[in-house]
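**Student:** Generate a structure from the sequence data that follows.
(2 chains)
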Amino acid sequence: MVRRPSRRARIAQWVFLLAMLGAALFLASNAADNLGRRHLAFGFGYLVNTANFDIPFRLIDFGPDDSYARALLVCVLNTLLVSAMGIVAATLIGLLIGLMRLSSNWLIRNMGLVYIELVRNTPILVQIIFWYVAVLHNLPGPRQSLHLPAGILLNVRGFYLPMPVLGPWGTVTSLFALALLVASPFAARLTIAGKSLGKLALALPVLAVLLFALGVESIDAPSLKGFNISGGVQLPPELAALWAGLSIYSGAFIAEIVRSSVQAVSEGQREAARSIGLKPRLVLSLVVMPQALRMMVPPLTSQYLNLIKSSSLGAAVAYPEIFQIFAGTVLNKSGREIETFAIVMAIFLSINLSVSAAMNAYNRRVMLVTAR
Amino acid sequence: MSEVSTVAPVAGPDPRATSASASLRRMARWLRRNLFNSPGNSFLTVAALVFLALVLPAAWEWAVSQADLWGDSKGACIDKGACWVFVRVRLPVFIFGQYPPSQQWRVLLAFALLVGFAVPALRDGTPHRALWVVLLLTLFPLLAGLLLVGGVAGLPFVDTTLLGGLMLDVVISFVTMAGSLPLGVLLAYGRRSQLAGIRTVSIAFIELWRGVPLLTVLFMAAVLLPLFLPSGVTVDRLLRAMGALVLFNAAYMAEVVRGGLQGVDVEQEEAAQSLGIGWLQTQTLVVLPQAMRIIVPGIINTAVDFFKDTTLVTIVGLSDLLGAVNQALKDPAWLGLAPEGYVFAAVVFFVCCFAMSAYGRSFERRLARGQGR
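**Tutor:** Residues are numbered from 1 along each chain as shown, chains lettered A, B, ... in the order given. Take a look at the predicted model:
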């Protein structure tokens, strides 16, 4: 029922909006006063100044002579790195535990339940600090490194992973491999001469892996040299702790999403599928899962967004992500509180809005007709 | 995978069987049906048992059988397991923070008051239950605040910087809850308003807070807010953090409340209007009470999140339970006891949060039964 707002309501609205505007102006004038007393003018010009600090973990080159703007790029990449790693790991953990919760095996089902309840009811910050201080800092030094499977070394300085070294044609073949990977979900829908490619599309990712392996010349394995580990790629304990905390915590929530989505597929659907003689496995893969996966998308989106926001907790373990470097180091060094906070918030907002837009677009495409 | 377990035909009771062998057979049947109903499941069961056999005894040894509890220094920890002496000695700090020991009875009294107000408010069948809820959210914070901070009625003043430990987590999450619920209701109505200006402001407020990490909001309250206040005006650090948490969580609460408002049938509102009841009364007497009932489980889930999130105040320099543990671990006399400290903090949070979630689930079940669903 649509009713026009009364005259009184509209007047009240204007009074409210004017009061908001007044409050905003009051705060802004206070800020201008306070900045004026410190002889600072509002502006983002300071971003080109030399940073004069180092960032211990980075994906691109950075030195003390570089600018704040480059430091910003370094931290945004670090935030995106841990978020992407967290999203992948949390989804895998969530799927595994969610399927455990759905198992007909009492023991497996309840082990899943214990995991979910333990993890969901403990603060994520406690978990991250626990992994960092209580676990990773108590590991032996480089000389007594733990040898994990696949040539991975683990010691107090973090994980050391073997790294493939690309040969002369490596860049080209890995680019082709990437293109194949990106193309494979689209290829599954492709029809050639009236026939759907379907399962043949599964060959594409396999081909991509083979192509990538072709370009690899040698494998740079970490090994002990003197007092330190050389070779391979180091995963510092800060990143490892944050990654573990984020993915274990979000994984518990994703597991509940998986479980409830599968259970939300109506019983009639299963009965109908069984009554036309489908085997249990086919009921699951052809009828239940396709519907459940579609239902998972919106809640999964908000879990992913939570995970990205929680990556700011890296500040507690000194992982150099956007919050730790900007709201910490840069804020202290430059004294530009308002501008720095505006940048941090704008970056989180834009990462969140783009992930949410991408997931919503995906959701619109796969959404069930009845769910509209 | 979720294969529906086929129900085996139940054999009739055998009159000759003794009750012992009958129960043994019942157990065997249960095992067969729940753990060994297919080769795959049998394999999983065995694998899980092996895993548990590796993990559980080691955990038991560390936490209980090889652990030390008595004594008053690290030297008292002679066994291989956990050194709970540390936690036991530091317990007052973990619970009360730096609150003066001679005044700690005030914290306990405030906690007793909380129980006194919360039990009638949360229990079914209390007469005037709604009134108790309102008292819990208004009168109780007032009394508890006076009791904790003091400075009146002969109670010595206690500076808010001395509040800490688990008590601080409870205080902050309670204030957050009591403040963000009414604000969340207003925002939810604002978001549904037909007045474009109010709707836009509400949506912008909600989405802005929901789009940024809580940590930035807390830091803003700690670092940025003083810049926006007239010079000379200062606000207590704890109050600033609480204000930030209230605003931040109000945005989440608003979405919970909005879900509840959408869950109330439109006919309810129309029926009230056709009786000539005004908008305000329709909302407060008809729509909101029904909406609130639906969203109690949602509110409790949000409250659990608030409670867990209070640990973040550690990063802005307030010393809650996590902060107290962090600090205690830096004491040179107790170095290297991080696992004990953080396991203790995790267990305390787990117990509190699990109890709250369990209440929420039981409420949900009663709600579903009450509505005949």
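**Student:** Now the nearest residue to A:I124 once chain neighbours are set aside: phi and psi?
**Tutor:** Nearest non-adjacent residue to A:I124, counting by CB to CB, 6 or more residues apart in numbering or on different chains: A:Y249, 4.5 Å away. C-beta: built from backbone N, CA, C; applies to glycine. According to degrees, to the nearest 10, the main-chain angles of A:Y249 amount to phi -70, psi -50.
**Student:** And for A:S218?
**Tutor:** According to degrees, to the nearest 10, A:S218 has phi -150, psi 170.
**Student:** Spatially, which residue comes closest to it, not counting chain neighbours?
**Tutor:** Closest to A:S218 by CB to CB, 6+ apart is A:V165, at 5.0 Å.
**Student:** how near is B:Q194 to B:L186?
**Tutor:** Relative to B:L186, B:Q194 is positioned 16 Å away (CB to CB, to the nearest Å).
**Student:** ugh, typo on my part, it should be A:R259
**Tutor:** From A:R259 over to B:L186 (counting by CB to CB), the distance is 35 Å.
**Student:** and if you look at B:P297?
**Tutor:** 22 Å.
**Student:** One more: A:F44?
**Tutor:** 35 Å.
**Student:** ok, back up a step: among B:P297 and B:L186, which residue is more densely surrounded?
**Tutor:** B:P297 (19 against 14; other CB atoms under 10 Å in any protein chain shown).
**Student:** ok, the more buried one - contacts?
**Tutor:** Taking CB atoms under 8 Å, 6 or more residues apart in numbering or on different chains, we find B:P297 in contact with B:G360, B:R361, B:F363, B:E364, B:L367.
**Student:** any idea which helix or strand carries it?
**Tutor:** Secondary structure from DSSP states H and E places B:P297 in helix B:288-309.
**Student:** could you give the mean pLDDT of that helix?
**Tutor:** Average pLDDT, helix B:288-309: 86.
**Student:** Can you check the pLDDT for the spatially closest residue to A:E256 that is not a sequence neighbour?
**Tutor:** With CB to CB, 6+ apart as the criterion, A:E256 has its nearest non-adjacent residue at 6.2 Å, and that residue is A:I116. Here, the pLDDT recorded for A:I116 equals 93.
**Student:** Counting only helices, which of the contacts of B:P297 make the cut?
**Tutor:** Per DSSP state H, helices hold the following members of the contacts of B:P297: B:G360, B:R361, B:F363, B:E364, B:L367.
**Student:** Filter those down to the buried ones and hand me the ChimeraX line.
**Tutor:** Buried residues within the ones in helices among the contacts of B:P297, by 16 or more other CB atoms under 10 Å in any protein chain shown, are selected in ChimeraX with:
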select /B:360,363,364
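**Student:** mind giving me JSON lines with the ones in helices among the contacts of B:P297 and columns for pLDDT and distance to chain A?
**Tutor:** JSON lines is the format used below for the ones in helices among the contacts of B:P297 (pLDDT from 0 to 100; distance: CB to the nearest CB, whole Å):
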{"residue": "B:G360", "pLDDT": "85", "distance to chain A": "12"}
{"residue": "B:R361", "pLDDT": "85", "distance to chain A": "11"}
{"residue": "B:F363", "pLDDT": "82", "distance to chain A": "17"}
{"residue": "B:E364", "pLDDT": "80", "distance to chain A": "13"}
{"residue": "B:L367", "pLDDT": "76", "distance to chain A": "17"}
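**Student:** From the ones in helices among the contacts of B:P297, pick the one nearest B:V171.
**Tutor:** Proximity of these to B:V171 (CB to CB) peaks at B:G360, which lies at 21.4 Å.
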